[in-house]
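**Q** next input, structure requested:
(one chain, ligands or ions: 1)
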Amino acid sequence: MNFKENIANLLAENIKDISYEEILLSIEIPPDSSKGDFAFPCFRLSKALKKAPNIIATELSQSMIKPDYIEKIETVAGYLNFFVGRANYVKNILEGNYLDITKTGNKQVILIDYASLNIAKPFHIGHIKNVVVGDSLYRIFKFLGYNCIGINHLGDWGTQFGKLIVAYRKWGNKEEVENKGIVELLRLYIKFHDEAEKDPTLNDQGREWFSKIEKGDKEAIDIWNWFKDISLDYFNMLCDKLDIHMDYFIGESFYMDKLSSLIDTLSSKGILTESEGAQIISLDEYNLPPCLVLKKDGSSLYATRDLAAAIYRKNEFNFDKCIYITASEQKLHFNQVFKSLEKAGYTWANKLIHIAHGLVNLESGKISTRNGNIITLEEWIDEATEKTLKIIEEKNPALSNKLKVAEQVGIGAIIFSNLFYNSGKDVTFSWETALRFDGETGPYVQYTHSRCCSLMRKNEADIDVSHVDFSLLIDDTSFELVKLISSFPDSIISSAEKYEPMYIARHLIEICKAFNKFYNEYAILVDDAKVKNTRLYLVNAVRNVLREGLNLLCIKAPEEM
Ligand code: ARG
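**A** Numbers count the residues shown, from 1 in each chain. As a prediction, this is how the structure comes out:
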């Protein structure tokens, strides 16, 4: 039984001015149970009925016949507050399938473009946000029944690859690249830029080598492919570590042979204009600077490839939504691409969504090491693992699998600190805060989950549903916990609707706080079989919800830590 829907039905029988759906949407769950378990605000009806909200509330409460599952209905300050019969409510929630959400996705296709690294550049700590927001949304939408497709729009085209080849031929060698991989490629890249400041002709050489790639010159293509493979190996290594899954790698170079037909289409629609020798789409009507489609020399740009990619994706995957996740500095770029497609008459342009995420800073203020190198993602993960291992050595030296758990918790700390706030917000990361086992952190949720597992492990065989008495869970502390379990699906839905895993992260923290309160107030492994069974039954539900919640945030849930 779904209490919220039942209450909405009850209200709908008595209210004719707004629809059932609207009523359902406006039902709130008061943060404080003294204001009821569900509340309906009457302010919205006030205009239609030409009456004060508190009068509407009183009249409604008088005309409604209170069903059995409701204990009382109160009217306070324009609200109708519903108090459910607690024992019945607890039974319904815990015996029911609290994680079984209506699969609203209905197999609709959602394409998510994320973790789209540029070849020859390692991920640095700022990239984590992109990767985990993307993968978390992928998991959330999949959970809701959408058909998700994760695409990596690899940055593998542009003059920078010509420059890299120049650098490799001048200052690199095969062995170093083979041994050090992406780190060596980055060194060469930085070296090129340093040298080019002194000798600008290097840039011309870079352009020449890039044009060799464009013309299919064997040597250029071989080196380019080799660098691409190195970048993909690196990427896959990181994905394994983070347990991130990507469905397709379709990089920018893939669209090169599709550009001439793109240009034909755009000009046949009459939206390409010439400006100083370049081809542009004017976006004056949207108050945006024009979208540059072809440079004077006829070469394409980042935006050109994105125009082609969007059309290809629509034809190939027929998406219902296509979500792009990048840092906020690309806002204008996507705005221009989306509006250009709209101007070209693609009605599906409104199904393209850009999610701009903020930056990650370290507390020390720097995201680079002393010699100017960025802190790579794997260095960050290693450091997190090391620090967590120390904590585990102190707290639980006998733990088996210490290193593995330390990695899971270290990564959990990093991910959680990035998902706990609005994605758009910049995050300042501090080890001390992120690794706390008792704050608003990943390790806190993981620790609470492992605590539930440990209680269950000692007793799993003992739980006997016929020995469960739900009326033992109607005290405020236990009941709050049950309510948080029952409202967890709402947070999953909010996360999907707003493209913000944050709602799940925050809900998990609330559950952990409520659980730890429960754990401190009540002994669970007591002699009385009924009491023990009942409390364990609740512990089991908490464990299941925490595990699923962590999974939706791409965080592992170790059973011991
Ligand atoms: N490679 C780009 C970057 O690192 C991100 C690509 C995002 N996706 C896209 N379709 N433009 O900034």
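
**Q** centre-most residue in this structure?
**A** Note on the chain: the residue nearest the mean C-alpha position is Val133, at 2.9 Å, using CA atoms, centre = their mean.

**Q** which residue packs closest to that residue, ignoring adjacent ones?
**A** Ser423 (5.1 Å; CB to CB, 6 or more residues apart in numbering). In short, each C-beta sits where N, CA and C put it, glycine included.

**Q** quick check, pLDDT for that neighbour.
**A** Looking at Ser423, its pLDDT reads 92.

**Q** got the contact list for it?
**A** Neighbouring residues of Ser423 by CB atoms under 8 Å, 6 or more residues apart in numbering: 129, 133, 355-358, 499-502.

**Q** on that earlier part again, chain center to the helix or strand harbouring the residue nearest to the centre of the chain: distance?
**A** Here Val133, judged by DSSP states H and E, is contained in helix 127-143. Distance, stretch centre to chain centre, for helix 127-143: 3 Å (CA atoms, centre = their mean, to the nearest Å).

**Q** show me what counts as buried in that helix.
**A** Neighbour counts using 16 or more other CB atoms under 10 Å place 127-141, 143 of helix 127-143 among the buried residues.

**Q** among those, which pair sits farthest apart?
**A** Across the buried residues of helix 127-143, the longest distance by CB to CB is 24.3 Å; it joins His127 and Phe143.

**Q** what residues does the stretch 1-150 of the chain have near the ligand?
**A** 113, 116, 118 (CB under 6 Å from any ligand atom).

**Q** same check, this time on the stretch 251-400 of the chain
**A** The stretch 251-400 of the chain comes close to the ligand at residues 306, 309, 324, 326, as judged by CB under 6 Å from any ligand atom.

**Q** quick one on the thing from earlier: now do the SS call for the residue nearest to Val133.
**A** Recorded secondary structure, Ser423: coil (DSSP: H, G, I helix; E, B strand; the rest coil).

**Q** any weak-confidence spans in this protein?
**A** Applying pLDDT under 70 to the chain picks out residues 365-373, 460-462.

**Q** so where do the strands sit in it?
**A** Taking DSSP state E, the strands of the chain run over residues 38-41, 70-76, 79-84, 109-113, 147-152, 248-249, 272-275, 278-281, 291-294, 321-327, 352-357, 360-362, 427-429.

**Q** now those strands in JSON lines, with mean neighbour count?
**A** Shown next, in JSON lines, are those (neighbours: other CB atoms under 10 Å):
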{"stretch": "strand 38-41", "mean neighbour count": "20"}
{"stretch": "strand 70-76", "mean neighbour count": "16"}
{"stretch": "strand 79-84", "mean neighbour count": "22"}
{"stretch": "strand 109-113", "mean neighbour count": "23"}
{"stretch": "strand 147-152", "mean neighbour count": "20"}
{"stretch": "strand 248-249", "mean neighbour count": "17"}
{"stretch": "strand 272-275", "mean neighbour count": "14"}
{"stretch": "strand 278-281", "mean neighbour count": "20"}
{"stretch": "strand 291-294", "mean neighbour count": "22"}
{"stretch": "strand 321-327", "mean neighbour count": "21"}
{"stretch": "strand 352-357", "mean neighbour count": "20"}
{"stretch": "strand 360-362", "mean neighbour count": "18"}
{"stretch": "strand 427-429", "mean neighbour count": "19"}
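
**Q** would you turn these into a markdown table with distance to Leu99?
**A** Compiled in a markdown table, the strands of the chain are given as follows (distance: least, CB to CB, whole Å):
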| stretch | distance to Leu99 |
| --- | --- |
| strand 38-41 | 20 |
| strand 70-76 | 25 |
| strand 79-84 | 20 |
| strand 109-113 | 21 |
| strand 147-152 | 18 |
| strand 248-249 | 29 |
| strand 272-275 | 51 |
| strand 278-281 | 47 |
| strand 291-294 | 44 |
| strand 321-327 | 24 |
| strand 352-357 | 26 |
| strand 360-362 | 31 |
| strand 427-429 | 29 |
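
**Q** number of residues surrounding the residue lying closest to Lys103 once chain neighbours are set aside?
**A** Closest residue to Lys103 apart from its sequence neighbours, by CB to CB, 6+ apart: Gly145 at 2.9 Å. If you count neighbours by other CB atoms under 10 Å, Gly145 ends up with 14.

**Q** who touches Gly145 in this structure?
**A** 103-107.

**Q** quick check on those: which are buried?
**A** Judged by 16+ other CB under 10 Å, buried ones among these: Gly105.

**Q** closest one to Ser450 out of the contacts of Gly145, please.
**A** Closest to Ser450, out of all of those and judged by CB to CB, is Lys103, at 30.0 Å.

**Q** so that closest one versus Asn544, what's the distance?
**A** Using CB to CB, to the nearest Å, Lys103 is found at 18 Å from Asn544.

**Q** ok, Asn520 next?
**A** Distance, Asn520 to Asn544, by CB to CB: 21 Å.

**Q** so the two - more neighbours on which side?
**A** Legend: neighbour count by other CB under 10 Å for Asn520 and Asn544, higher for Asn544 (15 against 9).

**Q** quick check: that one touching Leu94?
**A** No: Asn544 is beyond contact range of Leu94, at 10.5 Å (criterion: CB atoms under 8 Å).

**Q** farthest-apart pair in the residues of the stretch 251-400 of the chain next to the ligand, please.
**A** Maximum pairwise distance in these, criterion CB to CB, is 13.3 Å, between Ala309 and Thr326.

**Q** which of the residues of the stretch 1-150 of the chain next to the ligand lies closest to the ligand?
**A** Distance to the ligand, by CB to the nearest ligand atom, is smallest for Ser116 among these, at 3.5 Å.

**Q** show me what contacts the closest one?
**A** Neighbouring residues of Ser116 by CB under 8 Å, 6+ apart: 151-155, 326.

**Q** now distance to Leu232 too, for these, in a markdown table please.
**A** Formatted as a markdown table, these follow (distance: CB to CB, whole Å):
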| residue | distance to Leu232 |
| --- | --- |
| Ile151 | 14 |
| Asn152 | 9 |
| His153 | 13 |
| Leu154 | 8 |
| Gly155 | 12 |
| Thr326 | 20 |
